[in-house]
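>>> kindly return the folded structure for what I paste below:
(3 chains)
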Amino acid sequence: MKRALTLVLLVALAAVLLNAVADLPPHGSPDTPAYTHVGAYYLENGSEETGSENIVTSIILNYRGFDTNGEVTVIVTALMAVIAVLTGVQDTGTQPDAEVIHVAPSVVVRFIVRVLAPFILVFAVYVILNGHVTPGGGFQGGTMLGALAIALTLVLGERESSRLLPQRSLRVIQVIAPLTFVAVGLAGLFIWGDYLFFPRDEKLRGFAEAMLVLIEAGIGIGGAVVFARVFRLMGGRQ
Amino acid sequence: MIDLLWDNLDYAASMVLFCIGLYAVITRNNLIKKFMGLNIMETAIFAFIVALGVVDGGNAPIMGEGAAKPFINPLPQALILTGIVVAVSTTALALSLVIRIWRQCGTIEADELREAE
Amino acid sequence: MTSWPPLLVLFVLTPLVGAVLTPAVSDTSGRRSWEWALGTMLLTSAMAGALIMRVLDEGPFSYVVGGWVAPYGIELRFDEFSAFVAVVCLLGLLAVIFSRHYARDALAPGRIPYYYTLLLLNMTGMIGFIVTGDLFNLYVFMEILSLSAYALVAISGEKTAEMAAFKYLVMGAVSSLSILFGVGLLYALTGSLNMADVTGRLAGSAEAPLVLAFAALTLGFMVKSALFPLHIWLPDAHAIAPSPVSAVLSGLVVKVGILGMLRVYQIAYGSGAIDLSGLNLMLTWLGAISIVMGAFFAVFQDDIKMMLAYSTISNIGYIVMGLGLASPYSLIGASVHVFNHALIKATLFLGAGALIHQTGRRTLTGLAGVGRSMPLTTAAVSIGAISIVGIPPTAGFLCKWYIALGAMQAEEPLFAVALVFGALLIFVYYIRMVNAFYFRKPQEAGAPAVHEAPATMLVPVLILAALCLVMGVLGRLPLSFIEPAVTRLLAPLGGG
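I've put the predicted structure just below:
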């Protein structure tokens, strides 16, 4: 009954939605407002104004850098939320972790992960640092680094792999992404007078690039640490 | 209207996907499945916004040698990159809540949880 | 100093940096995190003061991040509606102060640093949401705000906390998606994300997508602010959260939906591209139903925080009805009620938190006779109760009066009747509460002696209660402050 009712309501909703999107500016046309207004400006001037060949990266780090600043705060918020939810209390409930089955990964898996790890690491660093010329950037590379950390945790076991992260400074490293972002932004503010300002002068281009690389590295490392931490927390350990 | 929809097929598909996701959110009993429905809805909206940036015959918006017009609108892609991170964060929090609920109550079926309350 | 433009962006960054560093500066059991959070909130509040002085002086102003020009970069904008940050900072500050003993006693020690982190991130999200002038940036800050709010509900350690948080999360995530969809549609129609720019370019858009965009935005914001049929997540979440968090959620976080709605109105009225009278009629009705239903459910609650949570739904009804009536008086009343209700509800929730903390009981029956042992707290809560009913010398009166006047102005006297009827119902349940405090005997004779809460809990409650009275006397001040913004909002409609 509930399902049938939901279905009827959703079909009605779908009709409304389809009716509305049918009247949108035609898909794929170069004359739509979405393409001719702000987007066109980025395509026209992005490469020159920001020095980055990949316009998506120039939007993420330059034009809409503040969004990205918020975005790294969102992942840190998620990490803080997961820590707050999963730690600090004893489980009073009826469901112990007895059902978790501990099986050591097979030799094949262990071997392959160990062999691939350095290559994944190099590729992740490449993706993080090359975001301004090729598809990629801090988040994409950070995800790979995080995946690598998760794979290593599975293969090495928890105790061994926790040595990969410096435990003592973990509480700073896990928030490194917003911290580097704000630090670089404030550098722009105090040197050139605007938050997240990057010099556009030809002479200072190298300096601007260094700032961007710093941000990308911060996002990459911070993101990877967040993913690894969330995975381990969900596995029941700090 | 059908003609118009056919031209805007990408938009229409994401709207249908959106409704499928919403159906799962409303009717599924298992909390993880409920949340998977939400992920489908998220994907639908992301697909919709990315589709806004498509230009027929467009290339990736990466300048440099060999780059040829027309380029695809880069702004929706940049926005959705942010959107994906937000979605991942929400998922992480939702799953940890489900883990806690499972440990506390021994079930993640919505109706059994309601009875247990 | 007050007119230094980047102050606006530093205002968002201060709580952000303070939040992410909280676990690093405190040890694992949460020592020093209170001092750190307090310092952060004091600094943020000082900045809020400076920004409000500036908006008083020179009207709305904006700042574009990174030195890009406005629709290409992200614009931050501060106008009279943004002055809500004053209440955000004040309540944030008082909630942090209140948490000193509360968190130590009610939360698991390992969670305390993260509790303050999430509280500060919540403030960051709210401040960012209020000052941003860019639609997508609004979404990003809304997510910081929402994620931290879900976790703050789950943190309390109550048995059903995670379930309440999960329900809140699903509803919240669906509403966020609805808002993102609306933003996407507006982008498809205008090619821009800057609110001012969107407003200017909206005229002449195709009608169906335009209507859908505004419907999606309205739906999303109304779920966030728990208007009647969309309120189901609110009572559990607000009642189960730790009391300082309840104060923040009920006083501030639901108002974010209202402020988002005001932004939607600014775009819709400013562009003149769409006629919102149908939507307004629906909101007015739903607001009226919300007033009555919220009050109705509240009457039957014995749990004091549950009662306060339903009362929030009722009060959101007042605000939404004021918005929907769309006459100058009702809009002024609604905007000021956003401020006043935040103060009043924080008084009530923090006061209730102090009562629960000291007595260990949260039902009206259990709290019977507590007026004798905790006279100051119960007096403060009673002042809050009188204010929320809207009895003349207190903060709640003038804004409800203005909304009623607005109903007459819009020639809809029926809604003024709903308003008065709602006020009567609210009166009934707060009378029950005050009656329980003062005129009923404690149930068990052998109950342990109860005394007033420690100063860190008592002082915030008393400050808020005093503010309820002061705002009642100085009620015209916020009204005249918000008036230019309302006039500007309604100007394109003609008349007014």
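>>> residue C:376 is in contact with residue C:451, isn't it?
No - judged on Cβ atoms under 8 Å, residue C:376 makes no contact with residue C:451 at a distance of 10.5 Å. To be clear about C-beta, it is placed using only N, CA and C from the backbone, and glycine gets the same treatment.
>>> in chain B, which spans are helices?
For chain B, the helices defined by DSSP state H cover B:2-7, B:9-27, B:31-52, B:74-105, B:110-116.
>>> ok, back up a step: more neighbours: which of residue C:376 and residue C:451?
Set residue C:376 next to residue C:451 and count neighbours by other Cβ atoms under 10 Å in any protein chain shown: residue C:376 wins out with 15 against 8.
>>> quick check: which element contains residue C:441?
Under the criterion DSSP states H and E, no helix or strand holds residue C:441.
>>> and it, what pLDDT?
Residue C:441 carries a pLDDT score of 74 in this model.
>>> okay, now it: neighbour count?
Neighbour tally, residue C:441, other Cβ under 10 Å: 8.
>>> just say which of the helices of chain B is most tucked in.
Highest mean neighbour count of the helices of chain B: helix B:74-105, a mean of 23 (counted as mean count of other Cβ atoms under 10 Å in any protein chain shown).
>>> also compute the angle for it relative to helix B:31-52, please.
On the basis of axes from the mean of the first three to the mean of the last three Cα atoms, to 10 degrees, helix B:74-105 is oriented at 180 degrees to helix B:31-52.
>>> just how off-centre is helix B:74-105 within its chain?
From the chain centre to the centre of helix B:74-105 is a distance of 11 Å (Cα atoms, centre = their mean, to the nearest Å).
>>> how about it and chain C, any contact?
Yes - on the criterion Cβ under 8 Å from any Cβ of the partner chain, helix B:74-105 is in touch with chain C at B:75-76, B:79, B:82-83, B:86, B:89-90, B:93-94, B:97-98, B:100-101, B:104.
>>> next: stretch A:73-91.
Yes - residues of stretch A:73-91 contacting chain C under Cβ under 8 Å from any Cβ: A:73-74, A:76-78, A:80-85, A:87-89.
>>> next step: these restricted to helices.
Applying DSSP H to the residues of stretch A:73-91 next to chain C, the entries found in helices are A:73, A:74, A:76, A:77, A:78, A:80, A:81, A:82, A:83, A:84, A:85.
>>> what about chain B: which of the residues you listed touch it?
Residues of these in contact with chain B (Cβ under 8 Å from any Cβ): A:74, A:77, A:78, A:81, A:82, A:85.
>>> closest to chain B among those?
residue A:78 (3.4 Å; Cβ to the nearest Cβ).
>>> ok, residue B:66 to chain A distance?
Residue B:66 is 11 Å from chain A, where distance means Cβ to the nearest Cβ, to the nearest Å.
>>> please report how far that residue lies from residue B:60.
11 Å (Cβ to Cβ, to the nearest Å).
>>> the strands in the stretch 251-400 of chain C, which residues?
Assigned by DSSP state E, counting those that start in this stretch, the stretch 251-400 of chain C shows no strands.
>>> low-confidence stretches in it?
Within the stretch 251-400 of chain C, no range satisfies pLDDT under 70.
>>> one more pass at 80, please.
Along the stretch 251-400 of chain C, the parts satisfying pLDDT under 80 run over C:273, C:369, C:390-396.
>>> which two in the residues of stretch A:73-91 next to chain C are spaced the farthest apart?
A:73 and A:89 (25.7 Å; Cβ to Cβ).
>>> flag the least confident of the ones next to chain B among the ones in helices among the residues of stretch A:73-91 next to chain C.
For these, the pLDDT minimum is residue A:85, 90.
>>> that one reaches residue B:100, doesn't it?
Yes - judged on Cβ under 8 Å, residue A:85 makes contact with residue B:100 at a distance of 5.9 Å.
>>> who touches both of those two?
The contact sets of residue A:85 and residue B:100 overlap at C:154, C:162 (Cβ atoms under 8 Å, 6 or more residues apart in numbering or on different chains).
>>> output the lowest mean pLDDT helix or strand found in chain A.
helix A:158-162 (a mean of 75; mean pLDDT, DSSP states H and E).
>>> in the helix or strand following that one, what counts as buried?
Moving toward the C-terminus from helix A:158-162, the next helix or strand (DSSP H and E) is helix A:170-173. Counting neighbours by 16 or more other Cβ atoms under 10 Å in any protein chain shown, one finds that the buried residues in helix A:170-173 are A:170, A:171, A:173.
>>> export these to a markdown table and tack on distance to chain B and pLDDT?
Formatted as a markdown table, those follow (distance: Cβ to the nearest Cβ, whole Å; pLDDT from 0 to 100):
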| residue | distance to chain B | pLDDT |
| --- | --- | --- |
| A:170 | 17 | 81 |
| A:171 | 18 | 83 |
| A:173 | 18 | 86 |
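>>> looking at those residues, which one is closest to residue C:351?
Using Cβ to Cβ, the buried residues of helix A:170-173 come closest to residue C:351 at residue A:171, 34.9 Å.
>>> list the contacts for residue C:65?
Contacts here follow Cβ under 8 Å, 6+ apart; on that basis residue C:65 touches A:65, A:66, A:194, A:195, A:196, C:9, C:73, C:74, C:75, C:76.
>>> buried ones among these?
Buried, going by 16+ other Cβ under 10 Å: A:65, A:66, A:194, A:195, A:196, C:9, C:73, C:74, C:75, C:76, out of those.
>>> in the stretch 51-200 of chain C, where is pLDDT below threshold?
Residues of the stretch 51-200 of chain C that meet the criterion pLDDT under 80 lie in C:157-159.
>>> quick one, helices of it?
C:84-106, C:112-131, C:135-154, C:161-190, C:195-201 (DSSP state H, counting those that start in this stretch).
>>> repeat for the stretch 301-450 of chain C
Going by DSSP H, counting those that start in this stretch, the stretch 301-450 of chain C shows helices at C:304-325, C:328-359, C:370-373, C:375-389, C:395-409, C:413-439.
>>> show me what the longest one is packed against.
I take that to be helix C:328-359. helix C:84-106, helix C:243-248, helix C:254-271, helix C:304-325, helix C:375-389, helix C:395-409, helix C:455-473, helix C:476-490 (3 or more Cβ pairs under 8 Å, 6 or more residues apart in numbering or on different chains; DSSP states H and E).
>>> tell me the mean pLDDT over the shortest one?
Going back to what we said before, that points to helix C:243-248. For helix C:243-248, the mean pLDDT works out to 92.
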